[in-house]
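S.K.: Quick one: sequence and predicted model below, then my questions.
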Amino acid sequence: LEALQHTDESLTAVLTGMDNAVTSDFIAMDIRRALHYLGEITGEITTEDLLDHIFSKFCIGK
C-alpha cells in the first residue's frame, strides 16, 4: 500500500510540474521515482526504456 501511495504522489508531482513548466530534468526525476515504486509493486523496473518512450512523444520544458 505504501508503494502505491508513493507512486500516486510521484505521478501527481509529474503532472504538477508539467502544468507549471518545470524543466524536463525535474519531471524525469519524478517519473523515475514513480517507476521505482511501481517496480516494487510489480517486481519489475524499466526506467530508461519508458523515459525514452515518454520523451520521444512529448516536448516537456521547452
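M.R.: Looks like it arrived, so ask away.
S.K.: show me what contacts the residue nearest in space to the middle of the chain?
M.R.: Closest residue to the average C-alpha location of the chain: I31 at 1.3 Å, with Cα atoms, centre = their mean. By Cβ atoms under 8 Å, 6 or more residues apart in numbering, I31 lies in contact with S10, V14, T47, L50, L51, I54. In short, each C-beta sits where N, CA and C put it, glycine included.
S.K.: does it belong to a helix or a strand, and which?
M.R.: Taking DSSP states H and E as the criterion, the element that holds I31 is helix 24-42.
S.K.: helix/strand/coil for A21?
M.R.: Going by DSSP: H, G, I helix; E, B strand; the rest coil, the secondary structure assigned to A21 is coil.
S.K.: now F55: how far from L1?
M.R.: According to Cβ to Cβ, to the nearest Å, F55 stands 30 Å off from L1.
S.K.: returning to that earlier point: tell me the confidence at the residue nearest to the centre of the chain?
M.R.: On the pLDDT scale, I31 is placed at 92.
S.K.: lowest-pLDDT helix or strand in the chain?
M.R.: Across the helices and strands of the chain, mean confidence by mean pLDDT, DSSP states H and E is lowest for helix 47-57: a mean of 70.
S.K.: Not counting that helix itself, show me its contacts.
M.R.: With Cβ under 8 Å, 6+ apart as the criterion, helix 47-57 contacts S24, A28, I31, R32, L35, H36.
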